[in-house]
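Student: Let me see the structure of the following:
(2 chains)
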There are 2 protein chains.
Amino acid sequence: MKTRIAVVGVGRMGANMARRLKESGFDVTAVYDARKKVALALATELRCQAPGRLAQVTAVADIVLTVVTDDEAMERIFAIKGDSLLRGAAGRLFINCATVSPSVHVAVEERATKVGAQSLEACMASSINQAREGTLYLMLGGTVQAFEAAQPVLNVLANSSRYIGSAGTAAQVKALVNMVMNINTAGLAEGLGLGAALGLDLTLLREVFSQTGANSRVLQTDGEDMQNRDHSCFFSAAHAAKDSGIALKLANDRKVRVPLAKSALAQYQRMVEAGLGELDKSGVAELTFPGRSPTKKGAKNSAS
Amino acid sequence: MKTRIAVVGVGRMGANMARRLKESGFDVTAVYDARKKVALALATELRCQAPGRLAQVTAVADIVLTVVTDDEAMERIFAIKGDSLLRGAAGRLFINCATVSPSVHVAVEERATKVGAQSLEACMASSINQAREGTLYLMLGGTVQAFEAAQPVLNVLANSSRYIGSAGTAAQVKALVNMVMNINTAGLAEGLGLGAALGLDLTLLREVFSQTGANSRVLQTDGEDMQNRDHSCFFSAAHAAKDSGIALKLANDRKVRVPLAKSALAQYQRMVEAGLGELDKSGVAELTFPGRSPTKKGAKNSAS
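Tutor: Okay, the predicted model is just below:
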């Protein structure tokens, strides 16, 4: 018999993961989203249920994949009281993909264990296209048993699944990845923005960057988009702000000084405040290029 | 007849470039350094002169390569009055490799032109080993004629020579390269430092960084050194501070907001103030790792 799987949180990432699971032979029985319409549309596409209550999701699945937005959403779907994925969850495996605070993953694992379920954090370091194609880079945190139980799912979603350690550790690594990525992105926007202000050929400048100590992954993924103001959303500025915020809280808790992470967070918060939160993270260039003002005008944004 | 070449400023980079030129068949006739002893030692090694006056350097060379430390040193060697490389410089070609303010390169070109000489800025985006092996990455600024006249020298020093544009433009690009590199380096130090504070396996963390959006050239060159506190000097923190300072001045002149560049500059200035300026730029990790204090103690530094 096919493994029954449900997906909770079907935004851009979750929906693509559900599609990928279905075409890989899983029995996708239900999808759920706080935005009822979004869930219904995907349920029609995938010919599955879109239950109104979380307990109904758990009832029809062996494995529940969650891809929600933030700490609060995780608390809601794994609530101790009221409607919750934890109702009748004995024997279930939860695979939690949202980038949330490490402490939330630890709490969810505790609650799942209490009701006889397993929980695994599966932090993603990739974007929408990789979710659709099953080529995600996943960092896993939880018990080794949960990691092993999740293998069939991980195998079709990811081309690299890295076991990090106990609950919370994968989320810590993920927070650090995004903290460093956001710093590099905001820094690149300053380099290209200043280059533009100096009247330099930005295509040449990017080529020189790529050959030197200024090279980075974000130069490859975001450099040209910054130059062309193409900020179609793969990873939103609002998400960047959230993730840098998680990292900064970890740093404050441990009394580690991280001035660049602070500066990067401030830039992404500035974008959100200026109404640019749904631009791709490359949109941070709108803050540094001459003649670009912090407004949506002029910047392309095909985010849904 | 062999081209006669002299090298002014024979620190780690200049000395290696002089060695490379000699073994590549150039007639290295003179070396000069403000530190007389340093010049004499290299002159003995290369069996050439170490004149006491700059005009004597110009007198024995067709091409003068300069690799001095900063704006002030450039002003000194190309002084309008008194002893100067410009005395009797008609027909000479100056190739200026120091990372200095773009405006200084523009001024030097003007002065050289006035006395019938040519000037080319040759900004380097590589380090000591590449200088020794003739595999530098060079960014050239000046007239096309000067660029063409310099070809035989560039060919033995570099494996990539990129013509950027008129005088000052290569120095602008170089300042931007180092500004972005310094941001990425200081940001990486925060990511690894916080990882250490969280008790994460840093080798695993660096591997995850390398597979994700956190990847960068400095992760490859400096990440392991940060972890191991091996700050043998390839590119000093003091130089990083100087170069970020040049970029920041450009940004201020153009009224471009560069908060991350400012934070990175502050970190490198902090190192200099703590007496860590001669550590490699990777030494910025000494400011972010738990249990490391801003003192030379504990950090390895094999800089001469």
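Student: Now for A:Asn159, how many residues are close by?
Tutor: For A:Asn159, the count of nearby residues is 13 (other C-beta atoms under 10 Å in any protein chain shown). Where C-beta positions appear, they are placed from N, C-alpha and C, glycine not excepted.
Student: got a list of what it touches?
Tutor: Counting by C-beta atoms under 8 Å, 6 or more residues apart in numbering or on different chains, A:Asn159 touches A:134-137.
Student: For chain B, tell me which of those show up nearby.
Tutor: Contacts with chain B within the contacts of A:Asn159, counted by C-beta under 8 Å from any C-beta of the partner chain: A:Tyr137.
Student: Let's see which of the contacts of A:Asn159 end up in helices.
Tutor: Assigned to helices by DSSP state H, none of the contacts of A:Asn159 qualify.
Student: In ChimeraX, how would I select just the buried ones from the contacts of A:Asn159?
Tutor: Entered in ChimeraX, the line below selects the buried ones among those, by 16 or more other C-beta atoms under 10 Å in any protein chain shown:
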select /A:134,136,137
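Student: between the contacts of A:Asn159, which is nearest A:Asn96?
Tutor: For these, the residue nearest A:Asn96 by C-beta to C-beta is A:Leu136; the value is 14.0 Å.
Student: Who are the contact partners of that closest one?
Tutor: Counted by C-beta under 8 Å, 6+ apart, A:Leu136 has contacts A:124-126, A:130, A:157-160.
Student: One more: A:Gly165?
Tutor: A:Gly165 neighbours (C-beta under 8 Å, 6+ apart): A:141, B:201.
Student: cool, and A:Ser244?
Tutor: A:178-179, A:182, A:261, A:264-265, A:268.
Student: what's the answer for A:Lys22, then?
Tutor: A:28, A:46.
Student: host element of it?
Tutor: Taking DSSP states H and E as the criterion, A:Lys22 maps to helix A:12-23.
Student: For stretch A:32-48, buried residues please.
Tutor: A:32-33, A:38-39, A:41-43, A:46, A:48.
Student: what does stretch A:201-218 give?
Tutor: A:202, A:204-206, A:208-209, A:211-218.
Student: Could you tell me the end-to-end distance of that stretch?
Tutor: 19 Å (C-alpha to C-alpha, to the nearest Å).
Student: now stretch A:67-78
Tutor: End-to-end distance (C-alpha to C-alpha), stretch A:67-78: 13 Å.
Student: in it, what's buried?
Tutor: Buried residues in stretch A:67-78 (16+ other C-beta under 10 Å): A:67-71, A:73-78.
Student: mind putting those in a markdown table, secondary structure included?
Tutor: Listed next are the buried residues of stretch A:67-78 as a markdown table, based on DSSP: H, G, I helix; E, B strand; the rest coil:
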| residue | secondary structure |
| --- | --- |
| A:Val67 | coil |
| A:Val68 | coil |
| A:Thr69 | coil |
| A:Asp70 | coil |
| A:Asp71 | helix |
| A:Ala73 | helix |
| A:Met74 | helix |
| A:Glu75 | helix |
| A:Arg76 | helix |
| A:Ile77 | helix |
| A:Phe78 | coil |
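Student: what's the farthest-apart pair in those residues?
Tutor: A:Val67 and A:Glu75 (15.4 Å).
Student: that older thread, what's the ChimeraX syntax to select whichever of the contacts of A:Leu136 are buried?
Tutor: Selecting only the buried entries of the contacts of A:Leu136 in ChimeraX, with 16+ other C-beta under 10 Å as the criterion:
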select /A:124,125,126,130,157,158
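Student: and A:Asn228, how many residues sit next to it?
Tutor: Neighbourhood size, A:Asn228 [other C-beta under 10 Å]: 12.
Student: Walking through chain A, point out its helices one by one.
Tutor: A:12-23, A:36-46, A:54-59, A:71-77, A:102-114, A:128-133, A:144-149, A:151-157, A:169-197, A:202-211, A:217-228, A:237-253, A:259-273.
Student: okay if I get those as a markdown table plus mean pLDDT?
Tutor: Compiled in a markdown table, the helices of chain A are given as follows (pLDDT from 0 to 100):
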| stretch | mean pLDDT |
| --- | --- |
| helix A:12-23 | 96 |
| helix A:36-46 | 98 |
| helix A:54-59 | 98 |
| helix A:71-77 | 97 |
| helix A:102-114 | 97 |
| helix A:128-133 | 93 |
| helix A:144-149 | 98 |
| helix A:151-157 | 97 |
| helix A:169-197 | 97 |
| helix A:202-211 | 97 |
| helix A:217-228 | 97 |
| helix A:237-253 | 95 |
| helix A:259-273 | 97 |
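Student: so what's A:Gly277 up against?
Tutor: Contacts of A:Gly277 (C-beta under 8 Å, 6+ apart): A:236-238, A:241, A:271.
Student: How many neighbouring residues does the spatially closest residue to it that is not a sequence neighbour have?
Tutor: In space, and not counting its chain neighbours, A:Gly277 is closest to A:Ala238: 3.6 Å by C-beta to C-beta, 6 or more residues apart in numbering or on different chains. As a burial measure, A:Ala238 scores 19 neighbours (other C-beta under 10 Å).
Student: what's the spacing between A:Ala238 and A:Arg270?
Tutor: Distance, A:Ala238 to A:Arg270, by C-beta to C-beta, to the nearest Å: 12 Å.
Student: Which single residue in the stretch 1-150 of chain A comes nearest to chain B?
Tutor: Chain B sits closest to A:Ala125 of the stretch 1-150 of chain A, with a gap of 3.9 Å, by C-beta to the nearest C-beta.
Student: I figured that residue was touching A:Ala131, is that so?
Tutor: No. Counting by C-beta atoms under 8 Å, A:Ala131 is not a contact partner of A:Ala125; they are 11.6 Å apart.
Student: if we can go back for a sec, contacts with chain B among the contacts of A:Ser244, please.
Tutor: A:178-179, A:261, A:264.
Student: who's in contact with A:Asn184?
Tutor: Contacts of A:Asn184 (C-beta under 8 Å, 6+ apart): A:216-218, B:183-184, B:187, B:213-214, B:216.
Student: and the two most separated of those?
Tutor: Greatest spatial distance in those: B:Ile183 and B:Gly213, 15.2 Å, computed using C-beta to C-beta.
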